[in-house]
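1. Predicted structure and sequence below. I'll ask about it afterward.
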Amino acid sequence: MRQAPAALALAAALGLLLPGPAVTDTAGVEAIVKDERGKPVADAVVSLTAPGTATPAPRATAAAIMDQQNKEFVPFVLPVLVGTPVTFPNRDNIRHHVYSFSAAKRFELPLYTGTPGAPVVFDKPGSVVLGCNIHDWMVGHVYVLATPYFARTGEEGRARIAELAPGAYEARVWHPRLKTDTDKTTMPVTVTAGEPAQVTFSVALKPDRRPIRRPGYEGAQGGG
Amino acid sequence: MGLHFRSFRSRLVVVFLGLFALIQATGYVAVSAFVRASARHTVEEELRLASTLFARQLDVRTQQLVAATRLLSGDFALKTAVATSDHATTASVLENHRRRVDADVLMLAALDGHIVADTQEPARRGGEFPAPRLLAEAETGRDASDVVAIGRRLHQLAVVPVLAPEPIAWLAAGFAIDDRTAADLRRLSGLHVSFLAGPDAGAVVHASTLGAADRATLARGVAGARASGVLELDSGEHLVRVEPVGRDVVVVLQRPLAEALAPYDRMLLVLLVVAAAGVVLALLGAVLVARRVSRPVLTLARGARRVAAGDFDVTVSVSQRDELGELAMTFNDMVGGLRERERVRDELERTAKLKRFFSPQLADALSAGDESLLASHRRHITVVFCDLRGFTAFAEAADPEDVMRLLHDYHATIGPLVFAQEGTLERFTGDGLMVFFNDPVPCPDPAARAVRMAVAMRDAVAMLLAEWRRRGHALGFGTGIAMGDATIGRIGFEGRFDYAAIGTVTNLSARLCQEARDGQILVSEPVHAEVEALVEAKSIGTLPLRGFARPVTVFDVLGLRTESAAPAATRVTP
């Protein structure tokens, strides 16, 4: 029963990517993100912008959800369109104290249970690091984008962006542990009707070195 | 008895004492060396142990410091202040938190390594963090701590990230290591504690329990020092152990050698006193032993001197049973032998003297001891007088040589006969001779002995005189024998004593001798009565004798009866 609202929230989030009436089914991009050793990278966000076209991004209205489950942020990385309200439902039987000191969005949800009444609206693009004041190991990321075309990689390092108007785009990759000096975070991509365009990013990541771990953590890479 | 070095006794004492002192000295030196080595080893062990404990304590302190710093870094207010770049608030929170953990300094560094806030020296803001290496270390997620110099003081510094929840800054907390810290450690360990920075090139003593002069010496001494050893400071020799406590900082633990040796010094003093007492006792013992050894030697020497002086009554008494005892015994035996020889010689001399008066047998008896025989007393004796007839005329006419030769032959002839009958020779008077019997040793038949002797003399002298007669000398031999009481004893003066018989009987025998012609043996009637059975005798009748009021009945003994005649003498005169 506890998973049901999460599934709903996920479905709502994915709803953004559902096919609309103006775009063809087949036009899209399939991105693969690997690290320097060729291993697939999960939780990377791949986004597309059409260069030169300063088309104002549509303001999102649908809410996104960042769960707190089992004293972790779920998902680890949540990409949202700028202006998206995000709710922080606490699904644990203890309280959490969620905060962010990030420039893109500074907020604080002092100790609470359940779902706070007002969602937090992420109105500036950028990365927002989430923490919990009483659980040092809890880290989450909300990546706020100015383009509606984005997707997050899964365990196999793949992300698929569909229902695109054919044309030239710039693909960009982001990851919480992306090394700041990585220069291959963008690459051009041409979207055509029919076969989805293939984009492969090879990124350099900082080692996952969180100073304080969740109780019971066994050293598995990634974590959610 | 002075202690002359050349004397046997003092040489013995010196050798004995010298040996003992040598043994004592060797023992003392050996023990002293051992004690020193042992003390040094003890101190080294102490230092090693202390440094181990010290390192462990420092570890614990470091962990506590890191934990405390981490706790502080988790404070949300601090994070908020840092994240909002609210400098005044950040500094204030830092000062507040410094007091919470009683740290000496709290510093906040930005991720790029410059100081954002500093409770100790606010002016350092914007400068480089003093231990950038610690930041790099903290970035890797490890516990970052070290002993570093901040300003002019050493601090034990821990650096942790401020997480929000990713690192937004570095928080550093430090505890000063100063003279007070060193003093605290000294109270705990009893050792001198010094902290030096940059021991490789130009060490600087930052904190120490030592005085200023020793600090400078220590800084110079440790510059090229080993991990442990002896360091000569102004306050004396120190055993030193150097232990690193940081990348560029060492702690030096040390203890004065004299302090460690102090209890052993007392022991050595006791040892010295005991050794000295031992030497004194040994001296006494040596003197006693030497005296024991030398005393019998001296006793022997004294005895030998007395023997050399002719005193043979020496007996050295040495109770020992060793070689000296044996020597003393041999000495005593030797002196005993000398004494015996001397005694025998004396006896021989005395006997020879006695033999002037008495028969050899009697002389022996007298010399064997009983001189009381010679004391004055009255005794019934038989007296024999004899002399040569015509001797005075012969002595005047003949050559002196002939006279002396005759006397010599005469005495040689009759002398043994006197002794043969055990008669007592009272005197020689030239040609005359007086012998008596029954004194000083009583005999059962004095008259018979007297007569036998007289007969033997007459016969022997007759043969001797026969030759002289042939040469024309009218010589003869007459004898008189009488019996009666006489007073007998020693007469004369010191140096010339004679044993003499005085009384009528002597006179009578002398008169009878005068009356006797050549070859006649005239005896008084009592004598004849005694020997009647023994001899052939002819009565002469009575003779008027000068000095005697009444004529005396006289017999002439012609000769002895044949030997078959039984001895008539049964009457024993006491």
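-> That came through fine. Owing to the predicted nature of the structure, the values given are computational and were not obtained by experimental measurement.

2. Look up phi and psi at the residue of the stretch 301-450 of chain B found nearest chain A.
-> In the stretch 301-450 of chain B, no residue comes nearer to chain A than B:Asp322, which is 95.0 Å away by Cβ to the nearest Cβ. Placement of C-beta: from N, CA and C, glycine included. Backbone torsions for B:Asp322, taken as degrees, to the nearest 10, come to phi -90, psi -160.

3. Could I get the phi/psi values of B:Ile521?
-> When read as degrees, to the nearest 10, the backbone of B:Ile521 gives phi -120, psi 100.

4. who are the neighbours in contact with it?
-> Counting by Cβ atoms under 8 Å, 6 or more residues apart in numbering or on different chains, B:Ile521 makes contact with B:Val451, B:Ala454, B:Val455, B:Arg458, B:Gly478, B:Thr479, B:Gly480, B:Ile481, B:Asp556, B:Val557.

5. that older thread, I'd like the distance from the residue of the stretch 301-450 of chain B closest to chain A to B:Val297, if you could.
-> 12 Å (Cβ to Cβ, to the nearest Å).

6. Those two: who's more crowded?
-> More neighbours surround B:Val297 than the other of B:Asp322 and B:Val297, with 15 against 10 (other Cβ atoms under 10 Å in any protein chain shown).

7. show me the contacts for the more buried one.
-> Counting by Cβ under 8 Å, 6+ apart, B:Val297 has contacts B:Phe8, B:Leu324.

8. quick one, phi psi at it?
-> Main-chain dihedrals, B:Val297, degrees, to the nearest 10: phi -60, psi -40.

9. Which residues lie in contact with the residue of the stretch 301-450 of chain B closest to chain A in this structure?
-> Contacts of B:Asp322 (Cβ under 8 Å, 6+ apart): none.

10. among the contacts of B:Ile521, who's most crowded?
-> Going by other Cβ under 10 Å, B:Ile481 tops the contacts of B:Ile521 with 34 neighbours.

11. I figured that residue hits B:Met453, correct?
-> No. Using Cβ atoms under 8 Å, B:Ile481 is not in contact with B:Met453; the gap is 9.3 Å.

12. Can you pull the residues that touch both of the two?
-> Joint contacts of B:Ile481 and B:Met453 (Cβ under 8 Å, 6+ apart) are B:Val384.

13. Now the strand or helix carrying B:Glu349: average pLDDT?
-> Element membership of B:Glu349, judged by DSSP states H and E, is helix B:323-354. For helix B:323-354, mean pLDDT rounds to 82.

14. what packs against that helix?
-> Counting by 3 or more Cβ pairs under 8 Å, 6 or more residues apart in numbering or on different chains; DSSP states H and E, the packing neighbours recorded for helix B:323-354 are helix B:257-308, helix B:360-367.

15. can I get those in CSV with mean pLDDT?
-> Shown next, in CSV, are those (pLDDT from 0 to 100):
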stretch, mean pLDDT
helix B:257-308, 84
helix B:360-367, 66
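
16. in the chain, which ranges drop under the pLDDT threshold?
-> All of this refers to chain A. Per-residue confidence for chain A (pLDDT under 70) gives these ranges: A:1-26, A:52-61, A:181-183, A:209-214, A:216-224.

17. Chain B was what I was after
-> For chain B, applying pLDDT under 70 flags the ranges B:1-6, B:199-202, B:223-228, B:354-371, B:373, B:495, B:563-574.

18. now the angle from the lengthiest helix in it to helix B:257-308?
-> Taking DSSP state H as the criterion, chain B has its longest helix at helix B:8-73. Calculated by axes from the mean of the first three to the mean of the last three Cα atoms, to 10 degrees, helix B:8-73 forms an angle of 170 degrees with helix B:257-308.

19. For B:Gly415, see how far away B:Arg458 is.
-> From B:Arg458 to B:Gly415 the distance is 15 Å (Cβ to Cβ).

20. Also B:Asp402?
-> Distance of B:Asp402 to B:Gly415, given as Cβ to Cβ: 20 Å.

21. what do you get for B:Val274?
-> For B:Val274, the distance to B:Gly415 - Cβ to Cβ - is 88 Å.

22. Could you do A:Asp67 as well?
-> 173 Å.

23. More neighbours: the two, which one.
-> Counted by other Cβ under 10 Å, A:Asp67 and B:Gly415 do not tie: A:Asp67 has more neighbours, with 24 against 13.

24. Excluding sequence neighbours, find me the nearest residue to that one.
-> The spatial neighbour of A:Asp67 that comes closest, neighbours along the chain excluded (Cβ to Cβ, 6 or more residues apart in numbering or on different chains), is A:Val74 at 4.2 Å.

25. List the strands paired with the longest strand seen in chain A, with their directions.
-> The residue-count maximum for a strand in chain A (DSSP state E) belongs to strand A:135-145. Note on strand A:135-145: by DSSP bridges, its sheet partners are strand A:77-81 (parallel), strand A:126-132 (antiparallel).

26. Which parts of the chain are helices?
-> Using chain A. Secondary structure of chain A (DSSP H): helices at A:3-14.

27. not quite, I wanted chain B
-> B:8-73, B:76-83, B:87-101, B:132-139, B:179-189, B:212-223, B:257-308, B:323-354, B:360-367, B:391-397, B:400-420, B:446-470, B:504-515, B:525-531.

28. Out of those helices, flag the one nearest A:His175.
-> helix B:132-139 (19.0 Å; Cβ to Cβ).
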